[in-house]
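# Below is the sequence, then the predicted model.
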Amino acid sequence: MTTQRPPAGSSGAVDAPDGPVLDVRGLSVRFRMRDGRDVAAVTDVTFSLRPGECLALIGESGCGKSVLASALLGLLPGNARTTGHARLGELDLLAADERTLARTVRGRLIGLVPQSPAAHLTPVRTVRSQLHETVRALTGIRKPGLRAAGEAAAERAAFPAGHLDRHPHELSGGLAQRAATALALVGDAPLLLADEPTTGLDRALVDRTADELRRHADAGHALLMITHDLAAAQRIADRVAVMYAGRVVELAEATAFFGAEGPRHPYARGLLDALPERAFTPIPGMPPELGDLPPGCAFAARCPKATAVCGTVPDPVDGVACHHAEETARA
Amino acid sequence: MLELSRITAGYERRAPVVRDVSLTVAPGEAVGLLGPSGCGKSTLARVAALLHRPYSGTVVVDGRAAHGWRHRAPREQRTAFGVVFQQPRLSADPRMRLADLIAEPLRATGRRDEAAARVDELAGRVGLSAELLRRRPHEVSDGQLQRACLARALVLRPRWLICDEMTAMLDASTTAALVAVVEDYRAESGAGLLTVGHDSVLLDRWCDRTARWEDLASGAG
Ligand code: SF4
């Protein structure tokens, strides 16, 4: 499971035989606004994800990570334009039509573990009936086998069989999360996409939810976890991608990133330093508007290391997009 | 002092989520209240801020017992509190520009003429630009909206701050920034703080002491 990735963007070839489940190359998303302006929500994002691997995509709200998820699921609004590739097996998600996305991608190739599961579940129906519907739609299993298949799906997500006949509002936050995860797992999708799966959960539940997601990765799924929760990322990720102002500014092994070496990009360092278990000091200022990005490095206005060269956008080198990245101890 | 004594409260009389809980915050003190989601700690925070009427028990604010809740609370008691909630989108009127959102408590208490200067000062503290102040909630990020909600909570210079999971949706840097704003305000005003959360690392770093929900709930029983 340890992956010796070539630096991001280096090769277009897909490595066989255990090639990536998901291969994203140069993905950009632009929103055309009514006043004719373009909002650069995602810019030139490249990463790949193998079976059994967990990649945490971290960054603050508005950094583009949710837009990236919507692009993969084909759920972008009408005024969005995408460029680049996002290959899931043979399929380019960005080129797929809505029919393909609805019939073969969502649920079957990508299982979505949603943010706020309580809102994602249908309030008027029991968990069992929602599982049955999803099992029927995704696997074609009918009546006599449905009950067993539903219970098996619940068990995979550690959802207790005794609670299957409850409605969503009768579940605790943790159980609602598991019910939503059970639904996401029904199609046995090779890629699991978890969108802020731990928001609002208390620490014990964060750990448990994260561990359960890790278990599904260990079972062979590729797991893309989108989160602002650095503790959850540290707990289960193999690699970390940090997004800032629409770009991945650092892509690193999680052990190095969270360990003694630390992040190599000034924004990522600032983010970790802001944690209450570390310095608890905020990064000064706020991110730039995606509709009004500066010409050079988008972090320059907040960056303690900025110099004149930062007036040009840094290309990623060895996973880090910064003109003055920290040296690696390993180099 | 902010004294909560033997509070029982909830949304269903036969199944109150808060049972016989007592908690005191001294002037200038920062108290964290730690508990799992859904345990009732947010309800207790709302009782403390005079936003939710308990079934039984008393709230004493600076020596005076509270008798009314929400709009029935006497103005000088109500305005002693600044409150920030977890989800800024649920607590912010979507039609208001951020500047009006921040100024609204001043307008509601007939202090309209102070609004412009006060909004300017607070916007500086929470890091909102003049351009952001002109936007409406759907035009800003969660973090920017929460900055505005914190500014609004400070606009009447409250003696007590109640933060209910204020940073649960926010990234680490925005969390640290908002906590710093709260602490700067408290350092100059001497305001007390009750902050409710589920992250023990955060509460231990932020507060003078942290009360665990399970201890409060059993200690009184
Ligand atoms: S490129 Fe320059 S401004 Fe940008 S993060 Fe690196 S040092 Fe800072």
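Done, it's in. Residues are numbered from 1 along each chain as shown, chains lettered A, B, ... in the order given.

# and residue 143, how many residues sit next to it?
Using chain A here. Counted with other Cβ atoms under 10 Å in any protein chain shown, the neighbours of A:Lys143 add up to 8. To be clear about C-beta, it is placed using only N, CA and C from the backbone, and glycine gets the same treatment.

# think we crossed wires, I meant chain B
24.

# likewise A:Asp292?
10.

# Name the SS class of residue 95, please.
No chain was given, so I picked chain A. Secondary structure assignment for A:Ala95 (DSSP: H, G, I helix; E, B strand; the rest coil): coil.

# could you do chain B instead?
coil.

# Would you agree it is in contact with B:Arg136?
Yes. Here B:Arg95 reaches B:Arg136: they are 6.8 Å apart, a contact under Cβ atoms under 8 Å.

# Which one's more surrounded, those two?
B:Arg136 (16 against 10).

# how about the closest residue in space to that one that isn't next to it in sequence, phi and psi?
Using Cβ to Cβ, 6 or more residues apart in numbering or on different chains and skipping the chain neighbours, the partner closest in space to B:Arg136 is B:Arg97 (5.8 Å). Backbone torsions of B:Arg97, given as degrees, to the nearest 10, read phi -70, psi 150.

# any idea which helix or strand of the chain has the worst average confidence?
No chain in the question, so chain A it is. Averaged element by element with mean pLDDT, DSSP states H and E, chain A has its least confident helix or strand at helix A:117-120 (a mean of 68).

# for the chain, longest helix please?
You didn't pick a chain, so chain A it is. The helix that spans the most residues within chain A, counting by DSSP state H, is helix A:203-218.

# Can you look at chain B instead?
In chain B, with assignment by DSSP H, the single longest helix is helix B:172-189.

# Could you list which residues are in contact with the residue of chain B found nearest the ligand?
Residue of chain B nearest the ligand, by Cβ to the nearest ligand atom: B:Ser173 (14.3 Å). Each residue near B:Ser173 by Cβ atoms under 8 Å, 6 or more residues apart in numbering or on different chains is listed here: A:60, A:270-271, A:274, A:282-283.

# so where does the residue in chain A sticking out farthest from the centre fall, helix or strand?
For chain A, the C-alpha lying farthest from the average C-alpha position belongs to A:Pro144; by Cα atoms, centre = their mean, that distance is 36.6 Å. Here A:Pro144, judged by DSSP states H and E, is contained in helix A:143-156.

# could you say what helices and strands that helix packs with?
helix A:127-139, helix A:173-185 (3 or more Cβ pairs under 8 Å, 6 or more residues apart in numbering or on different chains; DSSP states H and E).

# Determine the number of other residues adjacent to A:Asp23.
For A:Asp23, using other Cβ under 10 Å, the count is 20.

# All the helices of chain B, in order from the start?
Applying DSSP H to chain B gives helices spanning B:41-48, B:75-78, B:88-91, B:98-108, B:115-126, B:130-133, B:142-154, B:172-189, B:200-206, B:213-219.

# Make CSV from those and add mean pLDDT to it.
Below are these laid out as CSV (pLDDT from 0 to 100):
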stretch, mean pLDDT
helix B:41-48, 93
helix B:75-78, 89
helix B:88-91, 84
helix B:98-108, 94
helix B:115-126, 95
helix B:130-133, 92
helix B:142-154, 95
helix B:172-189, 97
helix B:200-206, 95
helix B:213-219, 76
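
# Ok, which of the ones you listed comes nearest B:Met1?
Between B:Met1 and those, the tightest spacing by Cβ to Cβ is seen for helix B:41-48, at 11.9 Å.

# could you check whether that closest one is close to chain A?
No. Between helix B:41-48 and chain A, judged by Cβ under 8 Å from any Cβ of the partner chain, nothing touches; the nearest distance is 10.1 Å.

# measure B:Arg14 to B:Ala49 for me?
B:Arg14 is 25 Å from B:Ala49, where distance means Cβ to Cβ, to the nearest Å.

# How many residues are close by A:Leu293?
Neighbour count for A:Leu293, taken as other Cβ under 10 Å: 18.

# Under a three-state scheme, what state does it occupy?
Applying three-state DSSP: A:Leu293 is coil.
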